[in-house]
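Engineer: below are the sequence and a predicted model; questions follow.
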Amino acid sequence: MPPRSRRLARRTAWWALLADLIPLYAVYALLFAENGLSDAQISALFAIWCVVGIVAEIPTGAVADRYSRRLSIAVASLLQAAGYACWLAFPTFAGFAAGFILWGTGGTFVSGAFEALLYDGLAADGVAHHYATVYGRLTAIGLVGQVAAAGAASVLFARGGYLLVGQASIAVCLAAAYAGWRLPEPSRYPGPHPAGIDDDLPAEPAKYLSLLRTGVTDAARSRAVRTAIVAVALLTSLDGFEEYVPLLAHDWGLRTAAIPLATVGIPLVAAIGAAYGGAADRLRPAALGFLLGAGGAALAAAAIFAGLAGLVAVTAYYAAYRIVLVVAGARLQHRIESSARATVTSVAGVGTDLAGVLLYGAWALGQLPFFAGLVVTLAVVLPRWLRDTAN
């Protein structure tokens, strides 16, 4: 890749690592449970998280397109830190809900903005075809960060409980905010002006409302873009299952302090899967559907065997899932042709949040067997959707 694109890849790698190097990820569901929240209340918190995304996703995507994508990424980490601080200060259902509102709002600022910054940065050097490979590697780096965070969570929890884990997580969020602000951002000019990568804020783009309208219109007008959005939205919503893995491990008899280390293999193997996402972009749609279906079968086996064997099966699911998710995300970015790339991508984020609300509600009713059925069902229809995105 050209030097500017390599520089972009290096800095986004540091940001991706910090963004997922959050010790609280491994234990926050347990934090809720050990403060007296029921499974239904925990699912309600996750649903609140999704509702915030539904409301704020598209408007904040347009903010990234109108002003600065790197600023949006930095703000996202600051709001995430504020959410964790709220959890530590007010460990009640209301306090946790307020924290999720802050974190959820932050998530909408980065959703779409990061993909748009990366894709347009590569496109500015004529190497957009490397997007799946670069994005897959960045996803893998973030997942490796989760591995390190899980180990840190065990050490921090043993020494200072949830308070120390939370304080360390806030510190990492602040570091991620700084790394986000340091990302090189492609300049965006109206008309045919050539784009480049520099450390200055982008030139004056179209007005906010115009970009908002353009993004939503482009998402609805093209069949290939619509189909890619649906595929990405539903696939990404499946990642909500990760929130329940520590609870499953706890129900399967593992001690709280041991759960982060017992589940450390999940993000590690998922990282390997994501790293191969670029190569998997060449697979036929049927092969990708089969791969996701195999992951669903592994989840069904996990429901039967439970314990450590169940965690191994969950790990196998995540490897297959991450491969397919990287491919679907790359197909969406390749189909977007407007300057409102972050806004269009945020439309997929709204779909993810809508599907996530249904997922969290379904989990409260059917838990792991029901979720495994959802994965297999999606695997059946996915090949048709992926074929449509190629047209």
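Structural biologist: Received the coordinates, thanks.

Engineer: make it CA atoms for all contacts and neighbour counts henceforth
Structural biologist: Will do.

Engineer: using PDB, list the CA coordinates for stretch 69-82.
Structural biologist: In PDB, the C-alpha atoms belonging to stretch 69-82 read as follows (Å, rounded to 0.1, in the frame of the first residue of the first chain):
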ATOM      1  CA  ARG A  69     -15.100  11.500  11.500                       C
ATOM      2  CA  ARG A  70     -12.100  11.400  13.700                       C
ATOM      3  CA  LEU A  71     -13.800  13.900  16.100                       C
ATOM      4  CA  SER A  72     -16.800  11.600  16.300                       C
ATOM      5  CA  ILE A  73     -14.500   8.700  17.100                       C
ATOM      6  CA  ALA A  74     -12.900  10.600  19.900                       C
ATOM      7  CA  VAL A  75     -16.200  11.800  21.300                       C
ATOM      8  CA  ALA A  76     -17.400   8.200  21.300                       C
ATOM      9  CA  SER A  77     -14.700   7.100  23.700                       C
ATOM     10  CA  LEU A  78     -15.300  10.100  26.000                       C
ATOM     11  CA  LEU A  79     -19.000   9.200  26.300                       C
ATOM     12  CA  GLN A  80     -18.100   5.600  27.000                       C
ATOM     13  CA  ALA A  81     -15.800   6.700  29.800                       C
ATOM     14  CA  ALA A  82     -18.600   8.800  31.300                       C
END
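
Engineer: show me the helices in the stretch 1-150 of the chain, by range?
Structural biologist: Counting by DSSP state H, counting those that start in this stretch, the stretch 1-150 of the chain has helices at residues 3-20, 28-34, 39-66, 69-89, 93-110, 113-124, 131-181.

Engineer: does Ser339 belong to a helix, a strand or coil?
Structural biologist: Look at Ser339: counting by DSSP: H, G, I helix; E, B strand; the rest coil, its state is coil.

Engineer: roughly how far apart are it and Ala231?
Structural biologist: Distance, Ser339 to Ala231, using Cα to Cα, to the nearest Å: 22 Å.

Engineer: and the two? Which one has more around it.
Structural biologist: The neighbour count for Ser339 versus Ala231, taken as other Cα atoms under 10 Å, is higher for Ala231 (26 against 20).

Engineer: looking at it, that one is touching Val326, isn't it?
Structural biologist: No - between Ala231 and Val326 no contact is recorded; they are 11.4 Å apart, counting by Cα atoms under 8 Å.

Engineer: any idea which helix or strand carries the residue most central in space within the chain?
Structural biologist: The residue lying closest to the centre of the chain (Cα atoms, centre = their mean) is Thr236, at 7.0 Å. Using DSSP states H and E, the element containing Thr236 is helix 223-237.

Engineer: distance from the chain centre to that helix, please.
Structural biologist: 14 Å (Cα atoms, centre = their mean, to the nearest Å).

Engineer: and the next element down the chain from that helix?
Structural biologist: Later in the chain than helix 223-237, the nearest helix or strand by DSSP H and E is helix 245-251.

Engineer: tell me which residues in that next one are buried?
Structural biologist: Using 16 or more other Cα atoms under 10 Å as the test for burial, helix 245-251 gives Val245, Pro246, Leu247, Leu248, Ala249, His250.

Engineer: out of the residues you listed, which one sits closest to Ile42?
Structural biologist: The closest of the buried residues of helix 245-251 to Ile42 turns out to be Leu247 (Cα to Cα; 10.5 Å).

Engineer: Val27 is in contact with the closest one, correct?
Structural biologist: No - applying Cα under 8 Å, one finds Leu247 not in contact with Val27, separated by 9.2 Å.
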